[in-house]
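# generate coordinates for the sequence data below:
(one chain, ligands or ions: 1)
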Amino acid sequence: MYASFKAIGAYVPSKSLTNRDLEKMVDTSDEWIRQRTGIENRYIAAEDEYTSDLGAKAAELAISRSGLAKEEIDMIICATITPDYLCMPSTACVIADKLGISNVMAFDISAACSGFVYALNIAKAFIESGLKKNVLIIGAEKLSAIIDYSDRTTCILFGDGAGAAIIGTTEEREASLLDIHTSADGAFQDFLITPGGGVKNPCSPDVIDRHLHYLKMKGNETFKLAVNTLTKDVTRILEKNSLSSEHIDFFVPHQANFRIIDAVGRKLKFTKEQVVLTVHKYGNTSAASIPMAINDWYESGKLKHGDLMLLDTFGGGLTWGSALVYFNQRD
Ligand code: UT7
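I've put the predicted structure just below:
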């Protein structure tokens, strides 16, 4: 029995934040943002709309597309770096309650932008070991809550949103989560970091005055490492499975920066049509970015049952991962 990608769903908040809006907030320009990142727009959750709300809406759609009854879901994993609560309860537990699902294992994972691919790997392990049958995985982020809107180096990049998938079972290898590779290197922990609010720098007036509770990024260093690591990781997973870029229907990279996606896509010889691109619409939504991109391609009619996707991600930790996944949702 193999794990299989049975359904996708996503939710995008209604309020948009354009480059023109950001021009009024910090010293930046629409032209700079487009040229350096490819981003034109991002969406921001309402003040009283939390990560669990975004996640629950994405999950509702994925569950309905899967045809499963909620009682058939036996595990919920939420990947997020913007949980509703800092320590507990987990956002997965809050989402479970909003969905009306109880008595199932539910927990969050913190792997930043790689969170969805990490969750996919955990779901695969639980299903293929026979412990679980239908796992709901969610990538949900309200990044606007941890963004410093006076820091032009980060505030132009990030947006809010959620994506969710149902991972079930199949007997066919050509409908499975074929292979997943996930990894990390803590030596680069300060490349993407929220220094305050945790145990090391607990919340205090000083932490807030120094904006330490906001996301900080060494953008240029992260950029270079991302291109090299992603290219190596994708090459490795393709070689390991005796595949090359022509065998892939859609390359679904983490949507952080068009220039990273373009550089990796070119090195791996993917055509423009193979590369899934949503960064211009949503910005970087961290753990939500890959499932939101898959949902976009599905809803636009491009992604079809049986297509082979290559997912590829990189983020804070530093963490990274890649996955070869057959899309097994039936309309
Ligand atoms: O999702 C997790 C993984 N994250 C990533 O992969 C993000 C990786 N990094 C990036 O996407 C890019 O590094 C950025 C888009 C963040 C920055 O682009 P860059 O080409 O690396 O620019 P830079 O940091 O080298 O900055 C170049 C110049 C600097 O000015 P000086 O020192 O040359 O005078 C910055 O101060 O651009 C300036 N700058 C800006 N100018 C206008 C930085 N941010 C802005 C801005 N508007 N928003």
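# residues of the stretch 51-200 of the chain that sit close to the ligand?
Cys113, Arg152, Thr153, Ile156, Leu192 (Cβ under 6 Å from any ligand atom). Where C-beta positions appear, they are placed from N, C-alpha and C, glycine not excepted.
# from Lys304, how far out is the closest residue to the third one other than its chain neighbours?
What that stands for is Thr153. Nearest in space to Thr153, with sequence neighbours left out and distances taken as Cβ to Cβ, 6 or more residues apart in numbering, is Gly219 at 5.8 Å. Counting by Cβ to Cβ, to the nearest Å, the separation of Gly219 from Lys304 is 36 Å.
# with Lys24 instead?
From Lys24 over to Lys304 the distance is 42 Å, taken as Cβ to Cβ.
# which of these two has more neighbours?
Lys304 (13 against 7; other Cβ atoms under 10 Å).
# so who does the more buried one touch?
By Cβ atoms under 8 Å, 6 or more residues apart in numbering, the contact set of Lys304 is Phe327.
# number of residues surrounding Asp179?
The local packing of Asp179 (other Cβ under 10 Å) involves 16 other residues.
# you'd agree it is in a strand?
Yes - counting by DSSP: H, G, I helix; E, B strand; the rest coil, one finds Asp179 located in a strand.
# so who does it touch?
Ile237, Lys240, Asn241, Ala323, Leu324.
# farthest pair in these?
Lys240 and Ala323 (12.1 Å; Cβ to Cβ).
# Asn220 versus Ala287, what's the distance?
For Ala287 relative to Asn220 (Cβ to Cβ), the value is 23 Å.
# these two: which is more packed in?
Under the criterion of other Cβ under 10 Å, the comparison of Ala287 against Asn220 puts Ala287 first, with 38 against 9.
# if I've got this straight, that one is in a helix?
Yes - under three-state DSSP, Ala287 falls within a helix.
# what's the distance between it and Cys87?
As judged by Cβ to Cβ, Ala287 and Cys87 stand 18 Å apart.
# same question, Gly197
Distance, Gly197 to Cys87, using Cβ to Cβ: 10 Å.
# same question, Ser14
Ser14 sits 30 Å away from Cys87 when distances are taken as Cβ to Cβ.
# again with Leu303
Leu303 is 37 Å from Cys87, by Cβ to Cβ.
# note down every partner strand of whichever strand or helix holds Thr182 and its orientation.
Using DSSP states H and E, Thr182 sits in strand 177-184. Strand 177-184 sits in its sheet next to strand 319-326 (antiparallel), going by DSSP bridges.
# tell me which residues touch Phe314, please.
Phe314 makes contact with Cys113, Ser114, Leu225, Ala226, Thr229, Leu230, His254, Ala256, Ile260, Trp320, according to Cβ under 8 Å, 6+ apart.
# what is the burial count for the nearest residue to the first one once chain neighbours are set aside?
Using Cβ to Cβ, 6+ apart and skipping residues adjacent in sequence, the residue nearest Cys113 is Gly315, 2.7 Å away. By the criterion of other Cβ under 10 Å, Gly315 has 27 neighbours.
# now do Asn241
13.
# need the contact list for it.
Leu178, Asp179, Leu324.
# ok, so of the residues you listed, who is nearest the ligand?
Leu324 (21.5 Å; Cβ to the nearest ligand atom).
# list the contacts for the closest residue to His211 other than its chain neighbours?
Closest residue in space to His211, ignoring its immediate chain neighbours: Asp148 at 5.3 Å, by Cβ to Cβ, 6+ apart. Contact analysis of Asp148 by Cβ under 8 Å, 6+ apart lists Thr154, Cys155, His211, Tyr214, Leu215.
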